[in-house]
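# What follows is a predicted structure for the sequence shown.
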Amino acid sequence: MTQTLERASLNNVLTAVVQILDVVGEEQIGSMTFSSGAVIAIQPSHLEQGEAIARALGLTSFIEHTSVVPAVTDWSGTWAGAGQCEIHVRGMRPRGAAVS
């Protein structure tokens, strides 16, 4: 049996962007990119804000990219707002921070 996943419309993605801005605050967002494929990528104004933004959005999965300077972390997950969008937030975690 093949399962068909419903793809979010661009209108739903834009609605999710507005909801994210309401939760996070526009002043914390340096840039945001999105696609009609329901993927939203957030670059904070300051990389140190990434973890707080990710937590505010309920994102708990992350991967650390230590081969780049400075090392960055990519938090990801699904925003349950309009259209089940996949969200990525870039940021920095303090080195040696406990994994929660």
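Perfect, thanks for sending it. Numbers count the residues shown, from 1 in each chain.

# where does this structure dip in pLDDT?
The chain contains residues with pLDDT under 70 at 1-8, 36, 81-83, 94-100.

# so where do the strands sit in it?
For the chain, applying DSSP state E gives strands covering 29-34, 39-44, 61-65, 72-79, 85-91.

# Relative to Gly50, which of those strands is closest?
strand 85-91 (1.3 Å; CB to CB). Backbone N, C-alpha and C define where each C-beta goes, glycine included.

# From the contact counts, what lies against the longest helix along the chain?
In the chain, taking DSSP state H as the definition, the longest helix is helix 10-24. If contacts are counted by 3 or more CB pairs under 8 Å, 6 or more residues apart in numbering; DSSP states H and E, helix 10-24 sits against strand 29-34, strand 39-44, helix 50-56, strand 72-79, strand 85-91.

# Output the third one as PDB, nothing but the C-alphas.
By that I understand helix 50-56. Extracted in PDB, the C-alpha atoms of helix 50-56 (Å, rounded to 0.1, in the frame of the first residue of the first chain):
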ATOM      1  CA  GLY A  50      19.400  29.800  17.200                       C
ATOM      2  CA  GLU A  51      18.900  27.400  20.100                       C
ATOM      3  CA  ALA A  52      16.300  29.700  21.800                       C
ATOM      4  CA  ILE A  53      14.400  30.100  18.500                       C
ATOM      5  CA  ALA A  54      14.500  26.300  18.000                       C
ATOM      6  CA  ARG A  55      13.200  25.700  21.500                       C
ATOM      7  CA  ALA A  56      10.400  28.300  21.100                       C
END
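
# Quick check: buried residues in that helix?
The neighbour-count check on helix 50-56 (16 or more other CB atoms under 10 Å) flags Gly50, Glu51, Ile53, Ala54 as buried.

# can I assume Asp74 is in contact with Arg93?
No: the criterion here is CB atoms under 8 Å, and Asp74 misses it with Arg93 at 10.6 Å.

# Now the common contact residues for these two.
Common contacts of Asp74 and Arg93, defined by CB atoms under 8 Å, 6 or more residues apart in numbering, comprise Phe62.

# and the residue nearest the centre of the chain, bridged to which residues?
Central residue of the chain (CA atoms, centre = their mean): His88, 2.9 Å from the mean position. Beta-bridge partners of His88, counted by DSSP bridges, are Ala41, Ser76.
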